[in-house]
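A.B. asks: Provided below are the primary sequence and the corresponding predicted coordinates.
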Amino acid sequence: MDRIYTIPVNEAFDDSRDHPECGCPLCTLYRKLEEDELSLILGASMMEPDVRVRTNREGFCPTHFTAMLKRKNRLGLALMLESHLAELAPAVFPHGLAALGGREKTVARLAELEKDCYVCSRIEFSLSRMVETVVLLYEEDASFREKFRSQPHFCLPHYRRLLSVARDRLGKKVRAEFNREIGEVEQRWFATLESDVSAFCRSFDYRAEEPLTEEQKTAVERAVKGLSGLEGREVKPC
């Protein structure tokens, strides 16, 4: 287990346990990693040669291009775009004899670019190790197990990742305990979510008499976030 990740993992699990509205603790970790990476890429890391080589090659996904635009550091983004465009031009617009077979290379390069994102890859590097840390802390630390059982829920993408890592990293006995306890956390959340979404649906029936609770009013947004792993991102009310 990489000990460097135990502190942020414990802090995120503390926050979600003490403030259930925080939701999935791994979404909290994702948001923190994303915020750190966006701050770095438009700040201290922007002019580092090794970083520029990677951003030129990988580019950014639409989500993180948009996030950088919202930060209003137009010059920082423009400097990265300048060298990124220069890197792409020969592949996108081959000239002379290279053009004869260049179009297939163009297709391959653009397909590669659509799958890459510098910020996403940096986040994934750390998040994957944080997921492993969660599983191994569960195995080694009794106090963390109690914290784990007290989580409000895990979004479905992170629930899947935790189950997958537990399958690969835990022995049979501990894995059975892990699967049972994470399943109990998830079933409690899922039952509440189903009930709240159903109540929201019923509220549109003219015969409905009971007013919606605050939780039921936000059931649609909560369901979208929990099912997709968007917790912490804005989901506009219906």
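C.D. replies: Perfect, thanks for sending it.
A.B. asks: Taking the centroid of this protein, which residue is nearest it?
C.D. replies: Tyr30 (4.8 Å; CA atoms, centre = their mean).
A.B. asks: Isn't that one up against Ile123?
C.D. replies: Yes. If you go by CB atoms under 8 Å, Tyr30 and Ile123 touch, sitting 6.6 Å apart. In short, each C-beta sits where N, CA and C put it, glycine included.
A.B. asks: Leu81 and Arg74, how far apart?
C.D. replies: 10 Å (CB to CB, to the nearest Å).
A.B. asks: So for these two, which residue has more residues nearby?
C.D. replies: More crowded of Leu81 and Arg74, by other CB atoms under 10 Å: Leu81, with 16 against 12.
A.B. asks: which secondary structure element contains the more buried one?
C.D. replies: Counting by DSSP states H and E, the element that carries Leu81 is helix 74-92.
A.B. asks: Excluding chain neighbours, what is closest to Val51?
C.D. replies: Excluding the flanking residues, the one nearest Val51 by CB to CB, 6 or more residues apart in numbering is Ser45, at 4.7 Å.
A.B. asks: For the helix holding Leu81, what is the distance to the chain centroid?
C.D. replies: 26 Å (CA atoms, centre = their mean, to the nearest Å).
A.B. asks: The next helix or strand after it versus helix 74-92: what angle between them?
C.D. replies: Going down the chain from helix 74-92, the next helix or strand is helix 99-115, by DSSP H and E. Relative orientation of helix 99-115 versus helix 74-92 (axes from the mean of the first three to the mean of the last three CA atoms, to 10 degrees): 140 degrees.
A.B. asks: Who are the packing partners of the helix or strand just after helix 99-115?
C.D. replies: Counting by DSSP H and E, the next helix or strand C-terminal to helix 99-115 is helix 118-140. Here helix 118-140 touches helix 6-18, helix 25-41, helix 49-58, helix 62-70, helix 142-149, helix 156-169, helix 172-202, going by 3 or more CB pairs under 8 Å, 6 or more residues apart in numbering; DSSP states H and E.
A.B. asks: Please repeat the previous calculation with a cut-off of 7 Å.
C.D. replies: Judged by 3 or more CB pairs under 7 Å, 6 or more residues apart in numbering; DSSP states H and E, the packing partners of helix 118-140 are helix 6-18, helix 25-41, helix 49-58, helix 142-149, helix 156-169.
A.B. asks: Now do the buried residues in it.
C.D. replies: Within helix 118-140, the residues that count as buried by 16 or more other CB atoms under 10 Å are 118-120, 122-123, 126-127, 130-139.
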